[in-house]
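S.K.: Let's see this in three dimensions:
(one chain, ligands or ions: 1)
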Amino acid sequence: MKAITTSIPDLLILEPRVFGDDRGFFFESFNQRKFNELVGREVDFVQDNHSCSVKNVLRGLHYQIQQPQGKLVRVVQGTVFDVAVDIRKNSPTFGKHVSVELSAENKRMFWIPEGFAHGFVVTSETAEFLYKTTDYWNPEFERSILWSDPEIAIKWPNLGIPALSSKDLDAKLFADAEYFK
Ligand SMILES: Cc1cn([C@H]2C[C@H](O)[C@@H](COP(=O)(O)OP(=O)(O)O[C@H]3O[C@H](C)C(=O)[C@H](O)[C@H]3O)O2)c(=O)[nH]c1=O
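M.R.: Numbers count the residues shown, from 1 in each chain. Now for the predicted structure:
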């Protein structure tokens with residue numbers, strides 16, 4: 001496993017070592033010791049999530065105002081355009097974002113620590129999205145920032161108007177969003 005740094009120091013792209021042979025492939029999708037070494041601290045995950053979406057579905061940009069969740073995300077079928085936005089008020093990269101293509105083919109993972117809003121759009125016919133979180137989901141604390149917020153100005157792939165949940169249709173502008181307590 002190797003870490004690729006991004007324009008926001010705490011956001012890391014992780015590339016596993018893949019062992020291929022005439023049977024197929026094998027790779028360690030998570031190794032606690034190696035992960036802690038790469039991110040430079042002890043990180044405990046408490047929840048695994050798995051979602052499946054069809055093309056053009058956009059889930060996000062989500063975060064929790066209390067019990068913020070760090071997320072280690074990856075794609076096991078299809079391809080997504082994944083985005084993390086820095087919403088840590090005192091961060092020098094506050095309001096900045098990093099995007100990365102995650103796919104079953106590239107086997108890349110994206111480490112998004114607490115303090116970021118997260119979302120993705122599906123660019124393949126379908127995509128299965130798996131991720132680990134460092135705290136439990138709590139709908140009472142969950143908030144959404146509008147995917148198309150002009151201040152964040154994410155250059156989403158040109159897929160037209162995405163398919164959104166009602167929660168995401170009603171998301172707030174970044175300027176009006178509620179940050180961590
Ligand atoms: C997130 C979550 C949801 N649910 C239930 C609540 C709903 O009945 C159903 C679908 O939830 P939702 O529409 O919020 O799912 P997503 O839009 O994929 O939400 C996720 O989208 C982006 C990509 C994120 O980073 C977050 O992890 C998460 O907010 O699953 C649970 O039971 N547990 C959970 O942890």
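
S.K.: Mind checking what secondary structure residue 25 has?
M.R.: Using DSSP: H, G, I helix; E, B strand; the rest coil, the secondary structure recorded for residue 25 is strand.

S.K.: Flag every residue of the chain that's near the ligand.
M.R.: Neighbours of the ligand within the chain, by C-beta under 6 Å from any ligand atom: 49, 51, 59, 60, 62, 71, 118, 119, 120, 137, 165. Every residue, glycine included, has its C-beta placed from N, CA and C.

S.K.: how about the second one, what does it touch?
M.R.: Remark: with contacts taken as C-beta atoms under 8 Å, 6 or more residues apart in numbering, residue 51 is in contact with 59, 128, 129.

S.K.: List just the nearest of those residues to residue 145.
M.R.: Closest approach to residue 145 among those (C-beta to C-beta): residue 59, at 12.5 Å.

S.K.: how about that closest one, secondary structure?
M.R.: Here residue 59 is strand, with the state taken from three-state DSSP.

S.K.: Now the nearest residue to residue 114 once chain neighbours are set aside, what are its backbone angles?
M.R.: Leaving out its chain neighbours, the residue that sits closest to residue 114 by C-beta to C-beta, 6 or more residues apart in numbering is residue 68, at 3.9 Å. Main-chain torsions, residue 68, degrees, to the nearest 10: phi -60, psi 140.

S.K.: can you check residue 176 too?
M.R.: Dihedral angles (degrees, to the nearest 10) for residue 176: phi -100, psi 0.

S.K.: Ok, residue 39 next?
M.R.: The phi/psi pair for residue 39 (degrees, to the nearest 10) reads phi -90, psi -10.

S.K.: Please name the nearest non-neighbouring residue to it.
M.R.: Leaving aside its sequence neighbours, residue 39 sits nearest to residue 111 (C-beta to C-beta, 6+ apart; 6.1 Å).

S.K.: No more questions from me, cheers.
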